[in-house]
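[1] sequence and computational prediction follow.
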Amino acid sequence: MAIDPREKIALFIDGANLYATSKAIGTDIDYRKLLAEFGAKAYLLRANYYTALVEDQEYSSIRPLIDWLDYNGYTVVTKPAKEFTDGAGRRKVKGNMDIELTVDALEQAPYYDHMVLFSGDGDFTALVAALQRRGKRVTVVSTLTTPTPMISDDLRRQADFFLDVVELAKTVGRPQVQRPTEA
């Protein structure tokens with residue numbers, strides 16, 4: 001990872017994207033180790049975690065993680081997920097946090113030197129380019145190891161550096177915990 005120890009870094013984590021990526025490679029992320037890993041490499045200014053929540057559920061499986069992150073050094077940004085029925089009559093949940101992450105990254109840009117973006121979503125290519133025009137360095141964290149890469153080719157090309165979650169998992173990962181599936 002090409003992070004200069006003199007840099008101020010900020011982590012921007014697309015929670016749904018990182019969850020899907022880590023699940024696809026068969027690992028869970030240890031968020032305490034993740035903070036320690038980046039804090040050891042440079043001055044960790046902020047770690048932001050973005051996720052949508054289904055509010056009407058009695059219990060959300062992500063709630064314990066959100067609470068833990070909130071109490072342990074992360075800035076958690078949530079919004080209610082939107083539920084709808086698609087054309088085939090299937091219930092769908094949509095909870096995109098791209099705009100919130102983008103606005104925060106641009107607003108906080110004067111305070112950091114290097115952004116670490118945990119997402120493979122090609123929608124962030126324009127954000128990465130905008131930050132680079134402001135003199136920021138950007139590392140994108142995703143994976144190429146899955147049968148279908150979880151990172152957009154455009155985003156990977158735009159980033160200054162690419163870090164595969166498989167490599168990162170060697171220091172901040174742990175075997176996946178088998179969880180009961182929700183009905």
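    Sure thing, it's come through. Numbering: from 1, shown residues only.
[2] make it CA atoms for all contacts and neighbour counts henceforth
    OK.
[3] strands along the protein, start to end?
    For the chain, the strands defined by DSSP state E cover 8-14, 27-29, 43-53, 75-80, 82-85, 91-94, 114-118, 137-142, 161-164, 173-175.
[4] tell me which of those approaches residue 62 most closely.
    Nearest to residue 62, of all the strands of the chain, is strand 43-53, at 7.9 Å by CA to CA.
[5] name every strand pairing with the closest one and say which way it goes.
    According to DSSP bridges, strand 43-53 forms sheet pairs with strand 8-14 (parallel), strand 75-80 (parallel).
[6] a markdown table please, covering the ones you listed and showing distance to residue 104 and mean pLDDT.
    Shown next, in a markdown table, are the strands paired with strand 43-53 (distance: least, CA to CA, whole Å; pLDDT from 0 to 100):
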| stretch | distance to residue 104 | mean pLDDT |
| --- | --- | --- |
| strand 8-14 | 9 | 97 |
| strand 75-80 | 10 | 92 |
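[7] buried deepest among those strands, which one?
    Counting by mean count of other CA atoms under 10 Å, strand 8-14 has the highest mean neighbour count of the strands paired with strand 43-53, with a mean of 23.
[8] hmm, who's touching it?
    If you take CA atoms under 8 Å, 6 or more residues apart in numbering as the criterion, strand 8-14 is touched by 42-51, 97-98, 101, 105, 111-119.
[9] for the chain, what helix or strand is lowest in average pLDDT?
    For the chain, using mean pLDDT, DSSP states H and E, the weakest element among its helices and strands is strand 91-94, scoring a mean of 73.
[10] I'd like the strands of the chain as TSV, with distance to residue 20 appended.
    Below are the strands of the chain laid out as TSV (distance: least, CA to CA, whole Å):
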stretch	distance to residue 20
strand 8-14	10
strand 27-29	10
strand 43-53	12
strand 75-80	17
strand 82-85	19
strand 91-94	15
strand 114-118	11
strand 137-142	10
strand 161-164	14
strand 173-175	14
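[11] right, and those - which one's nearest residue 2?
    So among these, strand 161-164 is nearest, using CA to CA, at 7.2 Å.
[12] just the buried residues of the closest one, please?
    Neighbour counts over strand 161-164 (16 or more other CA atoms under 10 Å) mark 161, 162, 163 as buried.
[13] packing partners of that strand?
    strand 137-142 (3 or more CA pairs under 8 Å, 6 or more residues apart in numbering; DSSP states H and E).
[14] which strands border the least confident helix or strand of the chain, and is each parallel or antiparallel?
    Sheet pairing for strand 91-94, assigned by DSSP bridges, gives strand 82-85 (antiparallel).
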